[in-house]
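Student: with the sequence up front, the predicted model follows.
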Amino acid sequence: MTQPDTTTERIETFYEVMRAQGITRRSFMKYCSLTAAALGLGPAFVPEIANAMETKPRTPVIWLHGLECTCCSESFIRSGHPLAKDVILSMISLDYDDLLMAAAGHQAEAALEETIKKYKGNYILAVEGNPPLNEDGMFCISGGKPFLDKLKKVAKDAKAIIAWGACASYGCVQAAAPNPTQATPIHKVITDKPIIKVPGCPPIAEVMTGVITYMVTFDKMPALDRQGRPLMFYSQRIHDKCYRRPHFDAGQFVESWDDEGARKGYCLYKVGCKGPTTYNACSTVRWNEGVSFPIQSGHGCIGCSEDGFWDQGSFYDRVTDVTQFGVEANADRVGLAAVGAVGAGVAGHAALSALKRAQQKAQGHANAVKDDEKAAKAKKEEA
Amino acid sequence: MSVQPDTDTPFHKAGTHKQTSVYVYEAPVRIWHWVNALAILVLCITGYFIGQPLPSFSGAEATYQFFFGYLRFAHFAAGMVLTVAFFGRAYWALVGNHHAKQLFSFPFWKRHFWAEVWFELRWYMFLEREPKKYEGHNPLAQMAMFFFITVATLFMIVTGFALYAEGLGKSHWMYSIAGWVIELAGNSLDVHMLHRMGMWAILVFVIIHIYVAVREDIMSRQSIVSTMISGHRTFKDDRPD
């Protein structure tokens, strides 16, 4: 993955950077074991990780910011992984990140040009946010040009692309209906490069660093699911590992935000928790160095790492709104209306059928009476 | 034709009534019908309360209570029964009599079929005095069966198994078979919503189905309800069509 041109200068290894920063060998080995554990690998992988860190040159990374809110970066720099954030940042060679780099303006743009040239075909492109396509991409200007152009240009020579967060992966809030700027996720703009999606708004810091560690260590993309998300963090739903799951199975739910159930920490399913439909690692990795996650703090999951989560109706409903109907409706309201209408129709039809039948019977009766009268008359005449 | 031949009016005792009977629904079809009906009943009740749970009762700590778990279990078990029954029924369409095939065919291209549908619609709109006789389903019923039972059940099986496979995990073989539905919809929540809409569609069918079966039993010229129990179709008159 990181075999730079022989003509370019040698990039230092991850281990060298760590040692230069005063980190001991012992701490380094601890870091390797914890990383192995975080990636769900056995102890046998610790030497492999250590070896990769010691021998492989750091991976050059270009980090672009499109239409976004920077929450991914905010999350990333707070990675509570055992070693400090400067280590995380030294693991990769972050050659361009207009948010974190010291350079600005023309200097920064020059650094970008240089990185693309120097590590052509070898760098990883990490994209935070997405390009708006409407009005020729004029809704997001970076360095005086539409972000769309910049993204395409940098992606052209990238080895792989990481789509950070819900924006880059699915579009997020700026792509929510009616999406006036036509904000478009990365995989719909760049179609000829391997793209790994790390959705979430933002993604968990340890998930972000975990993905990078894996790519640096094993020289390849982690195993992805059909949507392109790394299986090691997105293969299970929040619900599957939720510590409130026993209350779900027991049928004990929070009914309103201040009830006894809420105080007792019951399941938030009925107040709209999207944990059962959201693939993420929140209930295992948690946030802010494992302090908590939304459900633990008493609020349902809003499903921020799922496709189109802004257009799924209220965050506080279980049976969500059917936005296609224009007016606010949910599956149950639509269904009940249909059942009601059909039920009324059936009742009306039954009444009409009964009426018609009675009418026919009466007619039949009248005819029969007439027939009888005729017969009686004939009899009389005969007599 | 002013007089309706009507078996239960005393005025037509003299009519020549020859009760003819045809064996229409073979045993596997009848068994499937009632198993399917029972499964749908269980699925609708449990399914409704899975989406909109009952008020919680906090009698005991969660360790000692598994109410919602059992409710979901009943739903999944009934779903499995429905699926097995459906495929059993599909098999019988291959080996059974020609009436058993009706559920799986929709003669969209036949002009005659649509003419019969139109006639049947007129009968339900009170525009025809007398319905026609059918050994199997009338064309309108066949159309409703095809869309609300065959297509809708298949839809519920596919979406249902996709949702069930989510719980088994992405590495499970069932997810590799059914998981594409989740990926196709993009979001599991959408699949939940579609699955619920499917339930309401089937409920609409159930209402119409039961009403029409009873109505036809009374007003048509043939047996309806008892046919799904005995398998025999009897006719109330022996005039042609």
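Tutor: The structure has been received and is ready for your questions.

Student: where exactly do the strands run in chain B?
Tutor: Remark: strands assigned in chain B by DSSP state E are B:21-23, B:232-234.

Student: any chance you could map the strands in chain A?
Tutor: Using DSSP E, strands in chain A cover A:59-65, A:92-97, A:124-128, A:141-142, A:145-146, A:160-164, A:195-198.

Student: and the longest one, how far out from the chain middle?
Tutor: The chain centre lies 21 Å from the centre of strand A:59-65; the measure is Cα atoms, centre = their mean, to the nearest Å.

Student: same deal with the last one?
Tutor: Mean C-alpha position of strand A:195-198 versus that of the full chain (Cα atoms, centre = their mean) differs by 10 Å.

Student: which pLDDT does the model give residue 221?
Tutor: By default, I'm working from chain A. Predicted confidence (pLDDT) for A:Met221: 89.

Student: ah, no, chain B please
Tutor: 84.

Student: that one: how many residues sit nearby?
Tutor: Here the number of neighbours of B:Arg221 (other Cβ atoms under 10 Å in any protein chain shown) works out to 18. Every C-beta, even on glycine, is put in place using the N, C-alpha and C of the backbone.

Student: check the one 5 residues further on too.
Tutor: Counted with other Cβ under 10 Å, the neighbours of B:Ser226 add up to 12.

Student: measure it to B:Ala144 for me?
Tutor: Taking Cβ to Cβ, to the nearest Å as the measure, B:Ser226 falls 20 Å from B:Ala144.

Student: repeat for A:Ile204
Tutor: Remark: distance between A:Ile204 and B:Ala144 (Cβ to Cβ) = 50 Å.

Student: now A:Asp372
Tutor: A:Asp372 is 43 Å from B:Ala144, by Cβ to Cβ.

Student: likewise A:Tyr119?
Tutor: Distance, A:Tyr119 to B:Ala144, by Cβ to Cβ: 64 Å.

Student: nearest residue to the middle of the chain?
Tutor: Picking chain A for this. A:Ser305 (2.3 Å; Cα atoms, centre = their mean).

Student: my bad, chain B
Tutor: Residue closest to the mean C-alpha point of chain B, counted by Cα atoms, centre = their mean, is B:Ile149 at 4.4 Å.

Student: what comes up buried for the biggest helix by length in chain B?
Tutor: When chain B is parsed with DSSP state H, its longest helix is helix B:188-219. The neighbour-count check on helix B:188-219 (16 or more other Cβ atoms under 10 Å in any protein chain shown) flags B:188-209, B:211-212, B:215-216, B:219 as buried.

Student: got a pLDDT number for the closest residue to A:Tyr15 other than its chain neighbours?
Tutor: Excluding its sequence neighbours, the residue lying closest to A:Tyr15 (Cβ to Cβ, 6 or more residues apart in numbering or on different chains) is A:Glu54, at 4.3 Å. Here the pLDDT value assigned to A:Glu54 is 85.

Student: swap in A:Tyr266?
Tutor: 94.

Student: check A:Ala108 too.
Tutor: pLDDT, A:Ala108: 88.

Student: and it, how far from chain B?
Tutor: Relative to chain B, A:Ala108 is positioned 36 Å away (Cβ to the nearest Cβ, to the nearest Å).

Student: what's the answer for A:Val285, then?
Tutor: 17 Å.

Student: how many neighbouring residues does that residue have?
Tutor: Counted with other Cβ under 10 Å, the neighbours of A:Val285 add up to 18.

Student: which ones are touching it?
Tutor: A:38, A:204, A:206-207, A:233 (Cβ atoms under 8 Å, 6 or more residues apart in numbering or on different chains).

Student: of all those, the one with the weakest confidence?
Tutor: Lowest in pLDDT among those is A:Ala38, which has 74.

Student: leaving out sequence neighbours, find the closest residue to that one.
Tutor: Counting by Cβ to Cβ, 6+ apart, A:Gly210 is the residue found nearest to A:Ala38 once chain neighbours are left out, at 5.4 Å.

Student: now A:Ile238
Tutor: For A:Ile238, the closest residue by Cβ to Cβ, 6+ apart turns out to be A:Gly275, at 4.0 Å.

Student: for B:Gly51, same thing?
Tutor: Closest to B:Gly51 by Cβ to Cβ, 6+ apart is A:Val319, at 5.0 Å.

Student: neighbours of the one you found, how many?
Tutor: 19.

Student: ok, it touching A:Ala329?
Tutor: No. Contact criterion Cβ atoms under 8 Å: A:Val319 and A:Ala329 do not qualify, at 10.4 Å.

Student: burial of A:Leu355, as a residue count?
Tutor: The number of residues packed near A:Leu355 is 11, by other Cβ under 10 Å.

Student: check contacts around it.
Tutor: Listed by Cβ under 8 Å, 6+ apart, A:Leu355 has no contact partners.

Student: of A:Tyr119 and B:Ala144, give the one with the bigger neighbour count.
Tutor: Using other Cβ under 10 Å as the criterion, A:Tyr119 and B:Ala144 rank with A:Tyr119 on top: 24 against 16.

Student: quick one: which of the contacts of A:Val285 is nearest chain B?
Tutor: Proximity of the contacts of A:Val285 to chain B (Cβ to the nearest Cβ) peaks at A:Phe233, which lies at 11.9 Å.

Student: coming back round to it: and the strands of chain B as CSV, adding mean pLDDT?
Tutor: Formatted as CSV, those follow (pLDDT from 0 to 100):
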stretch, mean pLDDT
strand B:21-23, 87
strand B:232-234, 88
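
Student: of all those strands, which one comes closest to chain A?
Tutor: strand B:232-234 (19.9 Å).

Student: residues in contact with that closest one?
Tutor: By Cβ under 8 Å, 6+ apart, strand B:232-234 touches B:19-24, B:135, B:222-223, B:226-227.

Student: same thing but 10 Å
Tutor: B:19-25, B:99, B:133-136, B:222-224, B:226-227 (Cβ atoms under 10 Å, 6 or more residues apart in numbering or on different chains).

Student: can you give me the buried ones in it?
Tutor: In strand B:232-234, counting by 16+ other Cβ under 10 Å, buried: B:Arg233.

Student: and if you look at stretch B:48-63?
Tutor: For stretch B:48-63, the buried set under the neighbour-count rule, 16+ other Cβ under 10 Å, comprises B:48-51, B:53, B:56, B:58, B:62.

Student: and that stretch, how far from the chain's centre?
Tutor: In terms of Cα atoms, centre = their mean, the gap separating the centre of stretch B:48-63 from the centre of its chain is 31 Å.

Student: next one: stretch A:121-141
Tutor: Taking Cα atoms, centre = their mean, one finds the center of stretch A:121-141 at 19 Å from the center of the full chain.

Student: export it as CSV, just CAs?
Tutor: Provided in CSV are the C-alpha atoms of stretch A:121-141 (Å, rounded to 0.1, in the frame of the first residue of the first chain):
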residue,chain,number,x,y,z
GLY,A,121,-1.0,6.6,-6.7
ASN,A,122,0.2,5.9,-3.1
TYR,A,123,-1.7,8.3,-0.9
ILE,A,124,-5.1,7.7,0.8
LEU,A,125,-7.7,10.3,0.2
ALA,A,126,-9.9,10.9,3.2
VAL,A,127,-13.0,13.0,2.5
GLU,A,128,-15.1,14.7,5.1
GLY,A,129,-18.3,16.1,3.6
ASN,A,130,-19.5,15.9,0.1
PRO,A,131,-19.7,17.9,-3.1
PRO,A,132,-22.9,19.7,-4.1
LEU,A,133,-23.5,19.3,-7.8
ASN,A,134,-26.1,21.9,-8.4
GLU,A,135,-25.1,25.1,-10.2
ASP,A,136,-21.8,23.5,-11.3
GLY,A,137,-20.8,22.9,-7.7
MET,A,138,-20.8,26.6,-6.8
PHE,A,139,-22.4,25.9,-3.4
CYS,A,140,-19.1,24.8,-2.0
ILE,A,141,-16.0,26.7,-3.0
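
Student: please consider this matter closed, and thank you.
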